[in-house]
Each structure stands twice: as C-alpha cells, then as structure tokens.
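A.B. asks: What follows is a predicted structure for the sequence shown.
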Amino acid sequence: MLEGVFWGAIATWLLVGLIVEGLACLEQWRHLAAQATGWSGASTAIRYGQRRALFQWFSAVEKTARAALWLVSGALVFLYDTFLPGAGVPVVSVLPHVTGFVVTFALCDQLLREVVLIGRWYWVERACGMSIMAWPAVLADTLRRLLTQAVIALAAACALVWPLMIVGWPWQWLLSGVLLLAGSAVLYWVRPQLIEPLFHRFTVLAPGELRERLNAMMHRCGAELDNVLVMDTSRRSRLANAHFAGLGRRKRVVLSDTLIERLSPAELEAVVAHELGHFRCGHLHRYYGLQAVMLLSGYVVFGLLQSTMAPETTPAVWALSAYLLLPALAWPMKPVFAYMRRQYEYEADAFAARYAQRSALISALKQLLSANLGAATMATNYARYYATHPPGDIRLERLQN
Ligand SMILES: [Zn+2]
C-alpha cells in the first residue's frame, strides 16, 4: 500500500514536470514562429531555435521514459537477477556479478540515450547546417561515449555499489553519498584531461599577437593560467565558443578554432576576459558546490526512503533507481540553476568590460549570436526555465548602458 502511494507520487510529480516543461517549450516555439515573416517561411535561425526548444522537451521526456522503461517494466530487476549467482552466496563473491550488472546496465542505458542524442544531431544540428559531421563520425562518437560510460560504470561499481553492498544500514547510504560526491569531483577533474581528448584535438595557442594580448590581459587581472588551448571544432561544427575548465591548480581556457577564425584579437581578448571572469568571480565553485549539496541530499533522502518503502530491494538496484530518477525528479531546480547561470553571465560580462575593451566585447557577442544562430529574444517562461545565458538583446543592452 505504502509502496504504491510512493510510486504514484513519483509518477504524478514526473508527469507535472513534463507538462510544465512542454508548455514552456511550446511558448518558445510560438514566440519564434511569430517572428517568421513573408512567404519565404522561417529563417534558419528561427527553425534552429524552434527545433532546439522541441528537443529541450524531448530530453525531459527521455529522462522520464528511460526511468519508466527500467523501473516499471521490471527490466532493471530482471537484469540484476540475470547476473546474480543465486541466494545464500557470501557477499564478497557476489561483487564481480554486481559489477557485470552495473556495466551492462550502463551500456544499455547509454544506447537508449543515444536515440535523442542522434536525433538532435540529425534534426537540429545537421538540418540547420550547424553540424558538418557525417554518419560515420557520428557513430564513432556513439562508440566513444559507450566506451567512456563502461569505464565510468566499472569505477562506480567498485567505488560506490560495492561499499553499499558490504556496509550495513544506516551508514551505507551516507557513505555511498559521500563516495558519489568524491567520484563526481574526480570525474570533473579527469574530463578535460582524459575524456574530452577522445572527442577533440587540443593544441596550445601559438605565440604571436593574440597570445601576447591574452597574457597582458591576464596579468592585469592578476590571473595565472596553465594554458590557452585551441580546440578543432571546425572538423565537426560551425559553432564558435570558448570555455573555462579545470579545478585546483590545473586551469585552462579553451577557444574553438571557429572562434579564432571569426573574431579579431581585441574581441578574442574580451571573450577570454569573460571566461576568466567566471573563474575570478567564483562561479565554478558556487555552482558546483550547490549541485553537490543537491546531489548528496537527494541521494541520501532517496536511500532513506528505501528503509520504509521497499526494504527488500537490493542496494545495487536501489542505487541505479536513484541514478535514473533523481535527474528527472529535480525538474523544479532547472529554473534555479538557469537563473544562477544568467546572473553569472552578467557578472562575467561586467568583469570583461573592466579588464578588456567593452566595445570589443559587444561586437564579439553580436558576432557569436549570429554565428551560433542564437535567438535574439526568447519567450519569457522559456527563458526563465532554460536560458543559461541571458537573451542576446538584454545582455547587449546591459553592456551598452
Ligand atoms: Zn559566460
């Protein structure tokens, strides 16, 4: 009875989330459609924005559908039973079987995720001319993601699920929650060093005018960076962007080669100053700190519910249920995180305007909006819910005043 109420509440919560997100995406679709004028139909930028909104919603549907597929159909328990050697076996000899279960689950789950990932590439990025990848390269990426997921699952099985099986209640959930956070931090640290190089080639920015400008700007900000790296984005896409990566002492700014091709050295300096602003204003620490608190509390609460709702569920199955359900259940946090990130963008813009040329930042932003087919305006609720960057018009207006 209690278990039925529990799952009913979860299903209702997920359904409400899908309706709310669906309405926000529909609002954006209509907002962009209203901008299409004349007989020529929608421009590429409008079509791109609409399809992105549609796939934004599909990715929410996908999270819920995957959780339902594994949990409601009983596929997760079936997979566990397939790997389990049988009752009465000491826990230590069960561990290799549990590892097989976790890795197989990760591979099947990633294959399911690929449906939306490949769909997004085909109907959004490729159809609107943003991606220049061909099928073999797309499928090679899928293989790389499967390989990466298998390795992460292997590590997670040993570091997370094994302790969960060995240590008794009530410490097991707190312990595995702490291990989960440690694992996430390790993953965040290895991603730029080990995982990203599987997908992109990085080269150190060659000496010259740009490098000197950047060094001088960083010196003005009192910052030290390991490296400024150039990523070979042009092999895959027309997108132009920059990002900041790394924790602790190993920090780096990454510029796409498409960005370097488009912007002048003064504009690139302003973009790097913006990225540096994210670091100097403590955005990374604040953002990931809040995410860690949310993850730990969600995970521990979910584990505590196990004791009352479904005490007979095996810890390995429950841990994977948490992995499947927590991201879908957290839908009300999306606008909170999006709001935080929009504020960060304003702060980083202000930082860049102080340490580089404001006019160069404005012209860089304008060029990036048009290069990336960014929507100049967004529907209010869609922007509230999803926009990790402020709508272009508002951002430019703030910089110009
Ligand atoms: Zn930014």
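C.D. replies: Nice, I can see it.
A.B. asks: for the chain, longest helix please?
C.D. replies: helix 2-33 (DSSP state H).
A.B. asks: could you give the mean pLDDT of it?
C.D. replies: Helix 2-33 shows a mean pLDDT of 92.
A.B. asks: And stretch 51-63, by the same measure?
C.D. replies: 95.
A.B. asks: buried residues in that stretch?
C.D. replies: Within stretch 51-63, the residues scored as buried using 16 or more other C-beta atoms under 10 Å are 51-58, 60, 62-63. Yep, even glycine has a C-beta here, placed from its N, CA and C like the rest.
A.B. asks: And the helices in the stretch 101-250 of the chain?
C.D. replies: Ranges of helices in the stretch 101-250 of the chain, per DSSP state H, counting those that start in this stretch, are 135-156, 162-166, 171-190, 196-199, 209-221.
A.B. asks: just the stretch 251-400 of the chain next, same as before
C.D. replies: Using DSSP H, counting those that start in this stretch, helices in the stretch 251-400 of the chain cover 257-262, 265-280, 283-309, 315-329, 333-355, 358-371, 380-386, 392-400.
A.B. asks: and the ones you listed as CSV, adding mean neighbour count and mean pLDDT?
C.D. replies: Converted to CSV, those look like this (neighbours: other C-beta atoms under 10 Å; pLDDT from 0 to 100):
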stretch, mean neighbour count, mean pLDDT
helix 257-262, 18, 93
helix 265-280, 23, 92
helix 283-309, 15, 86
helix 315-329, 21, 89
helix 333-355, 17, 95
helix 358-371, 18, 91
helix 380-386, 19, 92
helix 392-400, 15, 89
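A.B. asks: Please produce JSON lines containing these, extended by distance to the ion.
C.D. replies: Converted to JSON lines, these look like this (distance: least, C-beta to the ion, whole Å):
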{"stretch": "helix 257-262", "distance to the ion": "13"}
{"stretch": "helix 265-280", "distance to the ion": "6"}
{"stretch": "helix 283-309", "distance to the ion": "8"}
{"stretch": "helix 315-329", "distance to the ion": "23"}
{"stretch": "helix 333-355", "distance to the ion": "5"}
{"stretch": "helix 358-371", "distance to the ion": "10"}
{"stretch": "helix 380-386", "distance to the ion": "16"}
{"stretch": "helix 392-400", "distance to the ion": "10"}
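A.B. asks: Select, out of the ones you listed, the one closest to Val116.
C.D. replies: helix 315-329 (13.5 Å; C-beta to C-beta).
A.B. asks: Tell me, how many residues neighbour Arg47?
C.D. replies: 18 (other C-beta atoms under 10 Å).
A.B. asks: That one sits in which helix or strand?
C.D. replies: In this structure, Arg47 sits in helix 44-71 according to DSSP states H and E.
A.B. asks: Compute the inter-axis angle for the very next helix or strand once past that helix and helix 315-329.
C.D. replies: Elements were assigned by DSSP H and E; along the chain past helix 44-71, the next helix or strand is helix 75-83. Orientation check (axes from the mean of the first three to the mean of the last three C-alpha atoms, to 10 degrees): helix 75-83 against helix 315-329 gives 160 degrees.
A.B. asks: for helix 75-83, which positions count as buried?
C.D. replies: For helix 75-83, using 16+ other C-beta under 10 Å, the buried residues are 76, 79-80, 83.
A.B. asks: swap in stretch 119-128?
C.D. replies: Quick answer for stretch 119-128 (16+ other C-beta under 10 Å): 120-121, 124-126, 128.
A.B. asks: mind putting those residues in JSON lines, distance to the ion included?
C.D. replies: Formatted as JSON lines, these follow (distance: C-beta to the ion, whole Å):
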{"residue": "Arg120", "distance to the ion": "22"}
{"residue": "Trp121", "distance to the ion": "24"}
{"residue": "Val124", "distance to the ion": "22"}
{"residue": "Glu125", "distance to the ion": "21"}
{"residue": "Arg126", "distance to the ion": "26"}
{"residue": "Cys128", "distance to the ion": "23"}
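A.B. asks: Which of those sits closest to Ala216?
C.D. replies: Closest to Ala216 out of those is Glu125 (36.4 Å), distances taken as C-beta to C-beta.
A.B. asks: Spit out the contact partners of the closest one.
C.D. replies: Applying C-beta atoms under 8 Å, 6 or more residues apart in numbering, we find Glu125 in contact with 131, 237.
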